[in-house]
Each structure stands twice: as C-alpha cells, then as structure tokens.
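Chemist: I'll drop the sequence and a predicted model, then ask my questions.
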Amino acid sequence: MKSIASAPAKVILFGEHFIVYGGKAVLCAIDRRITVESELVDSSTIQIDSALGTISIPKDEPIKNVDAKFRPVVFVAQKILKQFNSESGLGITIRSEIPPGVGLGSSSACCVAAASSISGLFAKFSKEKVSSLALEAEKTVFENASGADTASCTFGGIMEYTKQGTKNLNLAPKFQLVIANSKMVHSTSEVVSRVKQFKEKHPDEFSLLCQNESALIEESLDALRANDLEKIGEKMIVNQAHLQKIGVSNQTLDSMVQSVKDISYGAKLTGAGDGGCVVVLVDESSLKDTLDALSEYECFATKIDTAGVEQKV
C-alpha cells in the first residue's frame, strides 16, 4: 500500500521581520505543491528519493547523524514507525513544484506532506496533529521555527500569525500572484541580525516603523476582506518601503518591484529578503505584462491554495 500526500507552498503578504518584535504577519498558501509518496518495505531501512538526492540508512540511525536535508523526513519516519511498533522500513519519494531555499516554505511543505503521507500508512491524523508533527520535524534543522509556515502549509488559505498562535481568516479574495525568484543566495540569520542592529542604532525610528506596520496590517486585512485589490496593492508597496528602511531589500529586489510598479496592483519582497523572491499582486488583465516584465527571472503565476495538506491512500 502507498500513501500519498501533498502540501502547498506559502508567501508572506505582510509583516515579515516586524513579527519578531511583537507584530502580526499575514501568510498566504499558494497552489505550488510538494508531494510525498511513502510505502512500507521489507528491509529495516529508510530510503528517500528526491530532487535533492537519495539516501538509504538504517531505520534506527541516530537523527543527529542524518544529513540535514533529509533529517526532518527521517525524523517523521522514525517517530511514526516507533509509535505504531512497526518492524518494517520505509520507502519515500518526494517530488516538488516549489523552488527550494527562496522563502516559499518548501521545507515546511515537505515536513507537512511527509507527516501526512507516512502517518497515512497507519492511521488518519487530524490536520492539527499533522501540523504539530511537521513542526517537530522542522525544528530538527531550524531550532527556532515558529510554526507559522507549517500551519500555513497544513491548513491553506490566508492566515494571521502572532506569537500567540495562528488564525485562519477564511478569506478567498479573487486575485492572482506572480512570484519572481531573484536567485540571490541569502542568509536568514544574517538578515535578522541586520534588522536587530538597525533597531539598536535607530530605536525611535524602528519603534515608529513597528507602529506604522501594525496599522498597515490592520488596513490590509480590511482590504483583503473587501477583495479591494487596489488597496491591497497600495499596502504592499508601503510594506516594501518599510522593509527597505530596515535594510532587508537590495538593489535587485527594488529593481524587480519597480519594474512592475505601473502594470500591477503592487509588489514587495516576501520572506527574509536580501535575495529570495518578490510577490506581485495581479489579475487576469495584468498577468501577461507582469510575467513579461520579469521574464529575465524565474517567475510563475499562482493563486491562493485553500485546501492545505491533502492525503490519499
């Protein structure tokens, strides 16, 4: 028997970085997916085949000894096999439509899909249980993972995140997004450190920016509820200006945003910044021109995913 599950990618529409200092972030699941297929095998091994490579290890291999890029999936496999007292091994295949390492939640989506797929060989886990297991797995590599990405990839839709937890907003505004990948390598920890330095050097300016970002997010939520694309786009442009001020944008990202300024509703970087992707708000009438304007970059059109993780056996 095979168990197959898939989970969507995500973008941050508003609030990245400011969330670290007590703000709020708005995440949106998008219809690019990672699919994980798993089956029990007779050997006492865990075998993984993915675009990142292949691995075959004893199923009781200490997790700290496992290659980091496979560690979260191995963690899930070991935990499920132990929970159900299985003497089998596992064969796992991972296929992804999500570019890795560019702030679109590929690692979170993989953890969610793996948790759903592997657990599905033995039982039907609730989405809450899948999300919790996926976060445990993600923390084997990203110790300070907040749970926002795994929640977005599990439940789908548009989600509000604060340090107190996540809340699905049950919104389905009618817009499309274009995601463009700068292909600039960045370090999230370095960017986060840079924001901290900005805060310490300019405390009053940073405090004012936090207040402005907080007000912007509440206005953005109202615009999302009203499906007011012009207003949502305006807020994305202002959010980009806030991110520029705290030093997480750069010339390439600014140029990408600027190139679609007059043909889309709005654009901003998404995620840590200093590389990675920009997200552009469009509708059918502005989609082609936006893709043309960003054609020198890896880019694609996408819509909101409201399904979240999906599993079939």
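Modeler: Alright, I've got the coordinates. All values derive from a computational prediction rather than experimental measurement.
Chemist: show me where the stretch 101-250 of the chain has strands.
Modeler: With DSSP state E, counting those that start in this stretch as the criterion, the stretch 101-250 of the chain has strands at 158-162, 165-168, 176-181.
Chemist: Same list (the ones you listed) but as CSV, adding mean neighbour count.
Modeler: C-betas here are computed from N, CA, C, even on glycine. Shown next, in CSV, are these (neighbours: other C-beta atoms under 10 Å):
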stretch, mean neighbour count
strand 158-162, 20
strand 165-168, 15
strand 176-181, 22
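Chemist: So which residue of the protein lies furthest out from the middle?
Modeler: residue 42 (34.7 Å; C-alpha atoms, centre = their mean).
Chemist: spatially speaking, which residue is in the middle of this protein?
Modeler: Closest to where the C-alpha atoms of the chain average out (C-alpha atoms, centre = their mean) is residue 105, at 2.5 Å.
Chemist: I figured that residue was touching residue 10, is that so?
Modeler: Yes: the pair residue 105 and residue 10 passes the contact test of C-beta atoms under 8 Å, sitting 4.1 Å apart.
Chemist: Please enumerate the shared neighbours of these two.
Modeler: 149, 152-153 (C-beta atoms under 8 Å, 6 or more residues apart in numbering).
Chemist: Give the ranges of residues in the stretch 1-150 of the chain that sit below the confidence cut-off.
Modeler: In the prediction, the stretch 1-150 of the chain carries no residues with pLDDT under 70.
Chemist: need the helices for it, in chain order.
Modeler: 71-83, 106-119, 127-138, 148-155 (DSSP state H, counting those that start in this stretch).
Chemist: Could you report the separation of the residue nearest to the centre of the chain from residue 99?
Modeler: Distance, residue 105 to residue 99, by C-beta to C-beta, to the nearest Å: 11 Å.
Chemist: what does residue 21 give?
Modeler: Distance from residue 21 to residue 99, by C-beta to C-beta: 29 Å.
Chemist: neighbour count winner among the two?
Modeler: Higher neighbour count among residue 21 and residue 99: residue 99, with 18 against 15, using other C-beta atoms under 10 Å.
Chemist: And the pLDDT for residue 313?
Modeler: pLDDT recorded at residue 313 is 64.
Chemist: what comes up buried for the lengthiest strand in the chain?
Modeler: Across the chain, the longest stretch assigned as strand under DSSP state E is strand 25-41. Across strand 25-41, burial judged by 16 or more other C-beta atoms under 10 Å covers 25-40.
Chemist: now the angle between helix 148-155 and that strand, please.
Modeler: Following axes from the mean of the first three to the mean of the last three C-alpha atoms, to 10 degrees, one obtains 70 degrees for the angle between strand 25-41 and helix 148-155.
Chemist: hang on, the earlier thing: which of the buried residues of strand 25-41 sits closest to residue 304?
Modeler: Proximity of the buried residues of strand 25-41 to residue 304 (C-beta to C-beta) peaks at residue 28, which lies at 5.9 Å.
Chemist: What are the neighbouring residues in contact with the closest one?
Modeler: Contacts for residue 28 (C-beta under 8 Å, 6+ apart) come out as 10-13, 152, 157-159, 177, 304.
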